[in-house]
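Chemist: Below is the sequence, then the predicted model.
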Amino acid sequence: MAGRVCVLVYGVVTYALFFVVFLYAIGFVAGDTVQADLIQKLVPKNIDTGEQGELWMAVLINVAILGLFGVQHSIMARPAFKEWWTQFVPKPVERSTFVLATSLILILMFCQWRPIPQEVWRIDSQAGFAALLAVSGIGWLIVLAATFMIDHFDLFGLKPTYLHFAGREAEPLEFKQVMLYRYIRHPIMTGFLIAFWATPVMTAGHLLFAAVVTAYVLVALQLEERDLVTAIGEPYRNYQKDVPMLLPLRFGKQDK
């Protein structure tokens, strides 16, 4: 029982840490576009603030951090790595450990990101400024909502640790098309891309961040799709044919 309690506490702590990091990330990406005093106190360093230094060094450091995130995220998400990794890490905490590693790298990025403040574009009209901030907020809401449309607590490692605490086996996740997943295969990534690109003030540093992350998403989704086809088979191949990946330019078949 003591071991089960430790596993559950580990899951709760890593989940709570990630949720705080996620909320901080919203303010971090928003940069100086949000002038509210409370937000600036809660997010003292954002994508447009901090030590500047030489341009080449800023680009090198920023790309290196994003690259570290991409490598960690891609490798630890692969089934072959999970099979090897769970020889050393108990299976109930495998997902929580993935979430913890992601959180620590994001914290590293928050601390070490080098701003490149030159403006690429700025929306001066009050209505346009507010509209783009609203669109970015919608992107973040899509990200969060899409996690609950599948299994939020499994995705972030809390469910496996709870089931272990309760002495229950996790049931295989059922492949199903629900809500946004009827229209795009990866609404979480769509939400992120909306949130990153919809900004009334685009600095060079923000542009670098958005461009590198977009490139990573396009590559990483190819790996994820390959794993999903291997795991699910023909139903997922049909899903690929019927439903677009990121943009709802065509509509998939709706389940009755």
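Modeler: Noted; the coordinates are in hand. Numbers count the residues shown, from 1 in each chain.

Chemist: Would you map the strands across the protein?
Modeler: Assigned by DSSP state E, the strands in the chain fall at 119-122, 201-203.

Chemist: Can you list the strands that the longest one pairs with?
Modeler: Meaning strand 119-122. strand 201-203 (antiparallel) (DSSP bridges).

Chemist: in the strand it pairs with, what counts as buried?
Modeler: For strand 201-203, burial by neighbour count (16 or more other Cβ atoms under 10 Å) applies to 201-203. Yep, even glycine has a C-beta here, placed from its N, CA and C like the rest.

Chemist: do stretch 230-241 as well
Modeler: Residues of stretch 230-241 classed as buried: 236, 239 (neighbour count, 16+ other Cβ under 10 Å).

Chemist: Tell me how far it lies from the chain's centre.
Modeler: Averaging C-alpha positions (Cα atoms, centre = their mean, to the nearest Å) puts stretch 230-241 23 Å from its chain's average.

Chemist: So for that stretch, mean pLDDT?
Modeler: For stretch 230-241, mean pLDDT rounds to 92.

Chemist: Then stretch 104-113?
Modeler: Here the average pLDDT along stretch 104-113 is 96.

Chemist: Pull the distance from that stretch to the chain's centre.
Modeler: 14 Å.

Chemist: Equivalent analysis for stretch 44-62, please.
Modeler: That offset, for stretch 44-62, works out to 22 Å (Cα atoms, centre = their mean).

Chemist: how about low-confidence regions in the stretch 101-250 of the chain?
Modeler: Along the stretch 101-250 of the chain, the parts satisfying pLDDT under 70 run over 250.

Chemist: Find the nearest non-adjacent residue to residue 106, please.
Modeler: residue 21 (5.1 Å; Cβ to Cβ, 6 or more residues apart in numbering).

Chemist: And the one you found, how close does it get to residue 156?
Modeler: Relative to residue 156, residue 21 is positioned 11 Å away (Cβ to Cβ, to the nearest Å).

Chemist: same deal with residue 236?
Modeler: Distance from residue 236 to residue 156, by Cβ to Cβ: 23 Å.

Chemist: swap in residue 48?
Modeler: Distance, residue 48 to residue 156, using Cβ to Cβ: 28 Å.

Chemist: where do the helices sit along the stretch 1-150 of the chain?
Modeler: 2-30, 37-42, 55-77, 79-85, 94-112, 126-149 (DSSP state H, counting those that start in this stretch).
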